[in-house]
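Participant: I need the structure of the sequence given here:
(one chain, ligands or ions: 1)
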Amino acid sequence: MLEHLFELNSKSKDIAVLIDPDKVLIEDLESLIVSINSTKAKFIFVGGSLVHGVGVDECINVIKSYTSLPVILFPGSGLQVSASADALLFLSLISGRNSEFLIGHQVVSAPYIKRQGLESIATGYILVDGGKETTASYVTNTNPIPAEKPQIGAATALAGEMLGMKLIYLDAGSGAIKPISKEFIAAVRNEVALPIIVGGGIKTIQNIERAFSAGANLVVIGTAIENDADFLNTIKHL
Ligand code: 1GP
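Facilitator: This is a model prediction of the structure:
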């Protein structure tokens, strides 16, 4: 079962590093992964809004040759399913009202995922406004939840839980100016018992600690490491 690959519960406080195959050079992966291995990161997420399956496959195979950390797909579309991953977040964009990202891509990719024997975990994916339009919101043609409306976030997450999802992912979008606030995360934490993943615009140790103290169980960091691999040293000391 996925649970033993993706050991996350409502008490966890873990870190995942997000690698977007479109934003990293294959020849740079070795040193990046070796650095990640020396941190407390527990998972490597792979995905992006635009990348296609071939790039994902190659990227995952190279990553796996340098680490024993679980590599989890965080797909931007049904084209990003790779059998080389250890597991996949089976996302439904429950903050949006675009049926393609609520159920369309899932229908197309579900049989392939099953036949590949890929572990999948149902994830209620919630975009929250992070101060600028992100690729995720543009590509999915959906509006994020306003940052100052935590009660909408909490109700959305609760609906996801009641629909049987196993995780909630609160995302301000890659490169967000403002990460999701403590108040927003806490409102969701108060409403659901599910593990909560938080990402988007996390660039300081304070951002990470604030998310954990508000109730996040997994913090995802992508852009901060793409911009400066030394940020990985920060994670070492958490
Ligand atoms: C984006 O949550 C991830 O979907 C990570 O965001 O790239 O801003 O760290 P960043």
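Participant: going forward, measure contacts between C-alpha atoms and count neighbours the same way
Facilitator: Will do.
Participant: list the contacts of Ala16.
Facilitator: By Cα atoms under 8 Å, 6 or more residues apart in numbering, the contact list for Ala16 reads Ala41, Lys42, Phe43, Ile44, Phe45, Leu218, Val219, Val220, Ile221.
Participant: meant to ask about Ile94
Facilitator: With contacts defined as Cα under 8 Å, 6+ apart, Ile94 is in contact with Leu102, Gly124, Tyr125, Ile126, Thr156, Gly160.
Participant: try it again with 7 Å
Facilitator: Leu102, Gly124, Tyr125, Ile126, Thr156 (Cα atoms under 7 Å, 6 or more residues apart in numbering).
Participant: who in the chain is up against the ligand?
Facilitator: 171, 173-176, 199-202, 220-224 (Cα under 6 Å from any ligand atom).
Participant: out of these, who's nearest Phe184?
Facilitator: Checking these against Phe184 by Cα to Cα gives Asp171 as the nearest, at 11.3 Å.
Participant: the closest one and Ile202 touch, don't they?
Facilitator: No - Asp171 is beyond contact range of Ile202, at 10.3 Å (criterion: Cα atoms under 7 Å).
Participant: picking that back up, now the contacts of Ile94 as TSV including pLDDT?
Facilitator: Converted to TSV, the contacts of Ile94 look like this (pLDDT from 0 to 100):
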residue	pLDDT
Leu102	97
Gly124	98
Tyr125	98
Ile126	98
Thr156	99
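Participant: list the buried ones in stretch 126-136?
Facilitator: Ile126, Leu127, Val128, Asp129, Gly130, Gly131, Glu133, Thr134, Thr135, Ala136 (16 or more other Cα atoms under 10 Å).
Participant: inside helices: which ones of those residues?
Facilitator: Secondary structure from DSSP state H places Thr135, Ala136 of these in helices.
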